[in-house]
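Asks: build me a model from this:
(one chain, ligands or ions: 1)
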Amino acid sequence: MSHNDILTAAGFTGQELSGGTLPVFSPIDGTEIARIMETPAADMPAIIAKSQEAFKAWRKVPAPRRGELVRLLGEELRTSKAELGALVTLEAGKITSEGLGEVQEMIDICDFAVGLSRQLYGLTIASERPGHKMTETWHPMGPCGIISAFNFPVAVWCWNTALALVCGDPVIWKPSEKTPLTAIASMKILARAIERFGSDAPEGLAQLVIGGAGLGEALVASKDVPIISATGSTRMGSIVGPKVQARWGRPILELGGNNAMIVAPSADLDMAVRAIVFSAVGTAGQRCTTLRRLIAHNSIREELVSRLTKAYASLPIGDPRQATTLIGPLIDQGSRERMLAQIGKAKAEGGKVHGGHIVTSNVPQGGAYVEPALVEMPEQTDTVREETFAPILYVLGYDTLEEAIGVQNGVPQGLSSCIFTLNVREAETFLSATGSDCGIANVNIGPSGAEIGGAFGGEKETGGGRESGSDAWKGYMRRQTSTVNYSSELPLAQGVKFDF
Ligand code: NAD
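Replies: Sure thing, here's the model as predicted:
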């Protein structure tokens, strides 16, 4: 489909796509596909006030009824999956199946949140005092500001929105300035769900603001936005996190990763090679969970590198709209320049580079296409410790598992990790308290491509936030501990006497 066909199928009119100040480019060929209106910074106080008003009404709607809205959102997403997936491909450059996969992830989290809307369980706690009852209850918290990155332009919004809405919180979304069209399209889909849901949904329940970091800063600075869920670079999180904390807000930070795989001597190498290739080059290396460091046992390292270089040479690079393409473009030329610069630095540190060249033939002109790079490193250098948002896989060797875990943990980020081994001692050690220090640790599965059922997020410079499944919903609610005395005495806790 042409750019225009994709935009039209996603419901855009010519008028919406022109006359604004924010240019939108397709990474497929670098062409400008729209110039859209930005939200004036001066509008932010009114937008936040509207969200506060919406909160007053939404928190009173019973949670299972709130879940009904999310159920309808899931239905609308199912209907629009092809169109929104194609728009993700156009605006973020993901290959077709990954664009569709991103929308599927939105549908999955909606299903999860619908069930959750009847399971926002509290606790009954044994009281030490006779005739007393102690409970823990979860209440809506208030507006949730969502700041999202370009590489998951719509799924991250849905992870947050589906949970926030069932938890009783309105949302204000500031998507990446690189991917506003998928955001506008997602809001139209939500608007259809709200229309069907009816008047229980207050005006301003879900709002979108379009523009750069300044709009995000307005959300971050406002005491009336108690939750800030920010996904992006560690650089952004290092600014946003302290600012939210300084005003006693709650940050949920999902920042950069530097994910590793340990390949042990007993590993099933056929499986490992398949997992490595998908995790390292899928989404052109632009996932927060992309495999960036391969820590291979020295006895199999050479064989693994030789199999990988062969596999890399056969990967179809090109137009992400074509069904056969596995590696699409990087988001922009700047990203490609950063990749080449990092490869140059790694070389200067003793790295042996396979691939990593610019690709210009058999790809649409104007896009930032690259061969994925494999870089054999003598040790874990400063360059390896940095996250470069591109398909560079550094290969390191090891002799003992302890050494491999030390290398895996020896970076500032702590998002995702994995080990390939058939040895149960090694697998369990990797998952134990002395193993991986990441939020995600897998055995015989690559580090990328998480399911929504588990809590998603990581430690250290990844920010510590958790989103998506498990009990991540608690991040969107406030906890209240209540003790009720139904006796006729007034005993104090810990046996304290205070008679007068
Ligand atoms: P980015 O940090 O450049 O931008 C992310 C968002 O933050 C954008 O919406 C941007 O406008 C906003 N922003 C930037 N500075 C801000 C500020 N001072 N105040 C408020 N908002 C601000 O990131 P990117 O290039 O869009 O995305 C790539 C990065 O995101 C990578 O580091 C990747 O690992 C990370 N990421 C992490 C996760 C995760 O779940 N851990 C998921 C996706 C992406």
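
Asks: use CA for all of it now, contacts and neighbours both
Replies: Will do.

Asks: any idea how many residues pack against Val484?
Replies: 11 (other Cα atoms under 10 Å).

Asks: please disregard the earlier target; I meant Ala246.
Replies: Based on other Cα under 10 Å, the number of other residues close to Ala246 is 10.

Asks: and the pLDDT at it?
Replies: pLDDT, Ala246: 98.

Asks: try Glu303
Replies: 98.

Asks: name the element it belongs to?
Replies: Per DSSP states H and E, Glu303 falls inside helix 301-313.

Asks: show me what that helix is packed against.
Replies: helix 269-281 (3 or more Cα pairs under 8 Å, 6 or more residues apart in numbering; DSSP states H and E).

Asks: output the helix holding Glu303 as CSV, restricted to C-alpha atoms.
Replies: The C-alpha trace of helix 301-313 is given here as CSV (Å, rounded to 0.1, in the frame of the first residue of the first chain):
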residue,chain,number,x,y,z
ARG,A,301,32.1,-19.0,20.8
GLU,A,302,33.8,-19.4,17.4
GLU,A,303,31.2,-21.8,16.2
LEU,A,304,28.4,-19.5,17.3
VAL,A,305,29.9,-16.5,15.6
SER,A,306,30.4,-18.4,12.4
ARG,A,307,26.8,-19.6,12.4
LEU,A,308,25.5,-16.1,13.2
THR,A,309,27.5,-14.4,10.5
LYS,A,310,26.0,-16.9,8.0
ALA,A,311,22.5,-16.3,9.3
TYR,A,312,23.0,-12.5,9.3
ALA,A,313,24.1,-12.6,5.7
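
Asks: hmm, the next helix or strand after that helix in reach of the ligand?
Replies: Downstream of helix 301-313, the first helix or strand assigned by DSSP H and E is helix 333-348. No: contact of helix 333-348 with the ligand (Cα under 6 Å from any ligand atom) is absent, the minimum separation being 9.0 Å.

Asks: from the middle of its chain, how far away would helix 333-348 be?
Replies: Put simply, helix 333-348 sits 24 Å off its chain's centre (Cα atoms, centre = their mean, to the nearest Å).

Asks: same deal with stretch 178-192?
Replies: In terms of Cα atoms, centre = their mean, the centre of stretch 178-192 is found 17 Å from the chain centre.

Asks: what's the answer for stretch 343-357, then?
Replies: Taking mean C-alpha positions (Cα atoms, centre = their mean), stretch 343-357 and its chain are 29 Å apart.

Asks: start to end distance for it?
Replies: The first and final residues of stretch 343-357 sit 10 Å from each other (Cα to Cα, to the nearest Å).

Asks: which outside residues touch that stretch?
Replies: 309, 340, 370-378, 381, 383-384, 392 (Cα atoms under 8 Å, 6 or more residues apart in numbering).

Asks: which residue, other than its chain neighbours, is closest to the one residue in the stretch 301-450 of the chain that gets nearest to the ligand?
Replies: Closest to the ligand within the stretch 301-450 of the chain is Phe389: 6.2 Å, counting by Cα to the nearest ligand atom. Excluding the flanking residues, the one nearest Phe389 by Cα to Cα, 6 or more residues apart in numbering is Gln286, at 5.3 Å.

Asks: hmm, that neighbour is touching Ile392, no?
Replies: No: contact between Gln286 and Ile392 fails when scored by Cα atoms under 8 Å: they sit 10.2 Å apart.

Asks: now do the helices in the stretch 401-500 of the chain.
Replies: Using DSSP state H, counting those that start in this stretch, the helices found in the stretch 401-500 of the chain span residues 401-409, 424-431.

Asks: tell me which residues in the longest one are buried?
Replies: The reference is to helix 401-409. 401, 404-405, 407-409 (16 or more other Cα atoms under 10 Å).

Asks: ok, now which ones touch the residue nearest to Thr324 when sequence neighbours are not counted?
Replies: Excluding the flanking residues, the one nearest Thr324 by Cα to Cα, 6+ apart is Pro316, at 7.0 Å. By Cα under 8 Å, 6+ apart, the residues touching Pro316 are 324-327.

Asks: so how far is the helix holding Glu303 from its chain's centroid?
Replies: 30 Å.

Asks: contacts for that helix next, please.
Replies: By Cα under 8 Å, 6+ apart, helix 301-313 touches 269, 273, 277, 296, 354, 372, 374, 397.
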